[in-house]
Each structure stands twice: as C-alpha cells, then as structure tokens.
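Trainee: can you look at this prediction? I've put the sequence above it.
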Amino acid sequence: MAIVSVRLDQALIEKATIMGKALNRSAPKQIEHWAKIGEMMEDNPDLPYEFVKQATIARAEKEAATLESYDFG
C-alpha cells in the first residue's frame, strides 16, 4: 500500500478523530472508511446506505471466515 501525505481541512480531521474514537478507529482509518463508503455509494447510487453498510459487513465477515449457512426453509 502506498502512503501519501495530503492536506485536509482541520474540521474534517477533528470530526474524524471524534468519530474514530467512538468507532475504535484512528482518524486516518476513519477517513479511509468514509472514502470507501463514498466510493461505493457513487458506484451504486440506487442502493440505500444501509444496504451498502451491511454488504461491507458481510464482506468483512466472509474474509474473517465467520459466515454461517442460512437455511431458507
């Protein structure tokens, strides 16, 4: 992964610090999270945020091998 320095608005950094603390992330990781969600939302404008959020959680669960089979009937 490449590391690049960028200039960001101080208010964004402060908000990311607060949100990151609440969600157990560093400010840079919180900003990465927002960027990832924003990219997904722009790529899929017809999908509601909650669906994108749950799809992201499902992907993380799959990568962690914690998914369980679902019985539809």
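Mentor: Sure thing, it's come through.

Trainee: please count neighbours and contacts with C-alpha atoms only from this point.
Mentor: Noted.

Trainee: what is the mean pLDDT for whichever helix or strand E42 is part of?
Mentor: Assessed by DSSP states H and E, E42 sits inside helix 27-43. Confidence for helix 27-43, expressed as mean pLDDT, is 93.

Trainee: show the subsequent helix or strand relative to that helix.
Mentor: Note on helix 27-43: by DSSP H and E, the next helix or strand toward the C-terminus is helix 49-63.

Trainee: where does the prediction get shaky in the protein?
Mentor: Low-confidence regions of the chain, defined here as pLDDT under 70, do not occur.

Trainee: middle-most residue in it, spatially?
Mentor: H33 (3.5 Å; Cα atoms, centre = their mean).

Trainee: from D71, how far out is it?
Mentor: H33 is 32 Å from D71, where distance means Cα to Cα, to the nearest Å.

Trainee: next: L47.
Mentor: The gap separating L47 from D71 is 26 Å, by Cα to Cα.

Trainee: quick one, which of these two is more surrounded?
Mentor: Set side by side, L47 and D71 show more neighbours around L47, with 12 against 5, by other Cα atoms under 10 Å.
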